[in-house]
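Undergrad: Have a look at this fold, sequence not included:
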């Protein structure tokens, strides 16, 4: 689903600003200082870290395993004596443990898919930008047209066809999400390759791929970070959409989307099955979006 | 400009062909076929069915047959909805999906622009905070959840609107679906508008205008709106395709007679013709819409020239 | 506030205009009908969502009463020859298609020939294979217009049907839509387009007047139907509705009179807040797991036994599904016809408590070399569905106790059944709803495969590839046995033999779930879950 966070526009604006910015200064120190002044972003960082810990460390402290069936409490509301702090699902499995596992799964899916798209996007964009000319024209034309494809339909076809292993979800979504990244990276590469240090590397006899990966890619931190923060929520939403269609991960594993689509129809009878996963999802998406905004502002070269 | 449009359409054709080809083959290579249901058919029945839909031909022949028909504008038969051809199914469903999509699009764009502008004009005051919070909630709640919540609250508990279905010409039936479809979209447009508006309001020429003593409304109308729209318009292209896919969910939940759900049921039932047909139609619509958006964009932004 | 009242006014206005449109025709019944029918041709249909519409607009020789038992439909009477092979049907006087053309025996003969014709590619034609020559025409070894075909119109009012072998359930099979007549005169004029709304004619109590794909099909009371004076519904709408949770909301909002299915986990709301509206009745069918007996160790009867007896079936309906399906320990659904005099099968282990069964299963698994430390790893496949999923989760947890580690694998229906048919699974979920009320219908699922011309074996619906010559022989012998008591005994023996060998794992009997508004009368629960609109009435 393109543009949950409107990252295309955000990034395009950012890239334009970057091109106009004064050259040759380190981003990081300034950026950190500015980010720490943005209250919403700081709070978001803490919340996101808390959620990540909840998802990855929490299971070690939870009284129940996510796939353990408690025959004595099927569809039961929270019960502190038994250690079902968030109640149980229709199979008597502990909701707390399942929310943790689901959050973990959603985060992993989103992270890996984002990485896949970043890698493809950087490689593609850098190659197009570096070689320029006809290569660039053809490659970017392709991107333009890919933009027009009904991408969610391809994701559905992919999942329907290759079954529903999370790995395929990552890769499938990632393979279709890289377009924006490629555009930005290409723009950056075009402006970077004019610079002295690239000229120097060329003069030193470095091949094009060495230059791309050793000299150009490391200079793309800013856009990549913003891109990643904004892509993760998009992928989490896409994943939940697939779960609604019944194309989610295999049981007994779960994801936030799967939990929510199982909880939504029973909101009246078993509200605890919906409320907590939905709350986690919403909080996480809100924080990631605020964080993305904060990062964009902090890394904005214009204000320096 | 016409030449520009034409060139864009022409260059899209090979990609569309590739997309169709890829779709065709991955669908066919997928396990399971349209006749794998809970009951196994006797071999003779299965053979009759396969012959009926040309599935007994070599795959490449089937592909050629499909392409041949496609060039004549025939999308082939549906394997699940026997009484209709794919083209008929789509022709019946498309007007509704388009109507729903465009209504939601218009509502979302208007609401988003106004909310974004109001928030920007009141930056860091309460209308800004309230609007931003509302917008974010609309953004992050998955649409299937929003759909079932609205259906339950406004359709069942309050009984203000029909909980689903569609009667031609009836507006109440459309209010909940359009709301669900428009909410996240409006949210995104509001965010973009707010952001670019704040930026524009902070530029030198607006400051100059203000220092000349021009009223806030005049500044907005004369100087701020057009440049602030640029990022918004560039979002509309992807946004439109998002609306189309969003209608998959909304049509399913509210039992609406559009094409979105055909794609899903088609993919799940291996109704090859229907899936391909829907994909091709979406492809076509999105290409055209993107073209329109590009033209508007070029009109708004003098820096962009028709290349 | 103002916005609210404006919206409310708009909503009321819309509802009013709706009301005005619908009151014009008297009593309207709104039925939630599931998927888009896609076809109204009885020879191409394959699901209950099509059956509801088709069975209201066409009537066969035999019709169903309110409890879905076969009663004379277009035929007023029939005779059966001594040898049980030749039925002679006498058609009613004055029966007409909805365009006024008389229904004749020739329409029936035409319909049966069309059904079997390979060019029609009818999915369910095989249900009428008891008719002489039916399977030959479908296979292409007999021409569709062959004079040897078993259906003959003797004159306008007399139809003779010859069977391959005596078939005690044949009258029941005639209520199936594959046995419906089709209007010869319309099909000859319009071809496959005869089911388009502008062409369609039927001979049933209703006639189709409107069809908006993806939205609804509308039928109104027919004025040419012979029993029209007793039809109390003037207009019936069959709504397309795929999302069950949303369907339930719409029922509660008063948009449906009848909800033909219920999402998982909602039965409690129905019983608590809508007393008397939930109709949960046994449905002749079985949910079961098949075990792939071509793979080790599932060829070991003790392993199959352990897998089967370690399942606590009593909690599936009430707890796991929350809908009360009764536990199934046998194979032939209770209430199946032509099974009188056979003591319902009960397995030996039913004497044991559940704990004892688990202990026994553990022992059997240990003998086969599997313990919780060294578990048997298997793949449990099911097709995507909330209930199937919850069941698989529960059963894999039960199996964990006896040293079985089940990996769950769900897929959409086509992929699932493709894998089952190919034998590419260990344990798989399946379900069977009787096509006709006869034990042979379920027992055929356990018959050995038949060898095909190309040397492969076609296992049909016997996914587990259970094969026992004695069972095969009992079922085959029963097929040609005329004495119903002897036939029932043969089939009973086959059931016992197969179940004692754990040919498959029966889980629960199907339950039909309908939710019906109190204003609707005449909705009788029945084991076929067929409720023809002609028996219903509605008070406002």
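TA: Great, that's in hand. The shown structure was predicted, so the numbers you read here are calculated from the model rather than taken from an experiment.

Undergrad: What lies in contact with stretch C:132-140?
TA: The contact list for stretch C:132-140 (Cβ atoms under 8 Å, 6 or more residues apart in numbering or on different chains) reads B:42, B:44-45, B:48, C:112-113, C:115-118, C:125-126, C:128-129, C:142-144, C:146, C:148-150, C:162-164. C-beta coordinates here come from the backbone N, C-alpha and C atoms, glycine included.

Undergrad: Looking at that stretch now, give me its mean pLDDT.
TA: The average pLDDT within stretch C:132-140 is 91.

Undergrad: again with stretch C:94-111
TA: Per-residue scores along stretch C:94-111 average to 94.

Undergrad: now do stretch B:254-267
TA: For stretch B:254-267, the per-residue pLDDT averages 84.

Undergrad: what do you get for stretch C:463-480?
TA: 92.

Undergrad: just stretch C:377-391 next, same as before
TA: 91.

Undergrad: In that stretch, which residues are buried?
TA: Across stretch C:377-391, burial judged by 16 or more other Cβ atoms under 10 Å in any protein chain shown covers C:378, C:380-391.

Undergrad: And stretch C:427-444, by the same measure?
TA: The neighbour-count check on stretch C:427-444 (16+ other Cβ under 10 Å) flags C:427-430, C:432-443 as buried.

Undergrad: same check, this time on stretch C:271-278
TA: C:277, C:278.

Undergrad: again, but for stretch C:514-522
TA: Buried, per 16+ other Cβ under 10 Å, within stretch C:514-522: C:514, C:515, C:516, C:517, C:520, C:522.

Undergrad: circling back to that earlier point, spatially, which two of the buried residues of stretch C:377-391 are the most separated?
TA: With Cβ to Cβ as the measure, no two of these lie farther apart than C:378 and C:386, at 22.6 Å.

Undergrad: For the buried residues of stretch C:514-522, give me CSV that also has pLDDT, distance to chain B and secondary structure.
TA: Conversion of the buried residues of stretch C:514-522 to CSV gives the following (pLDDT from 0 to 100; distance: Cβ to the nearest Cβ, whole Å; DSSP: H, G, I helix; E, B strand; the rest coil):
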residue, pLDDT, distance to chain B, secondary structure
C:514, 93, 18, strand
C:515, 94, 14, strand
C:516, 95, 18, strand
C:517, 95, 15, coil
C:520, 95, 19, strand
C:522, 93, 25, coil
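
Undergrad: could you list every residue that touches the residue nearest to residue C:327 when sequence neighbours are not counted?
TA: Nearest residue to residue C:327 in three dimensions, chain neighbours excluded: residue C:313, at 3.5 Å (Cβ to Cβ, 6 or more residues apart in numbering or on different chains). Counting by Cβ under 8 Å, 6+ apart, residue C:313 makes contact with C:327, C:328, C:329, C:507, C:508.

Undergrad: looking just at contacts, which helices and strands does the host helix or strand of the fourth one meet?
TA: According to DSSP states H and E, residue C:507 maps onto strand C:505-516. Contacts of strand C:505-516 with other secondary structure elements, assessed using 3 or more Cβ pairs under 8 Å, 6 or more residues apart in numbering or on different chains; DSSP states H and E, are made with strand C:258-259, strand C:278-291, helix C:301-309, strand C:427-433.

Undergrad: Can you tell me which of the ones you listed is most buried?
TA: strand C:258-259 (a mean of 26; mean count of other Cβ atoms under 10 Å in any protein chain shown).
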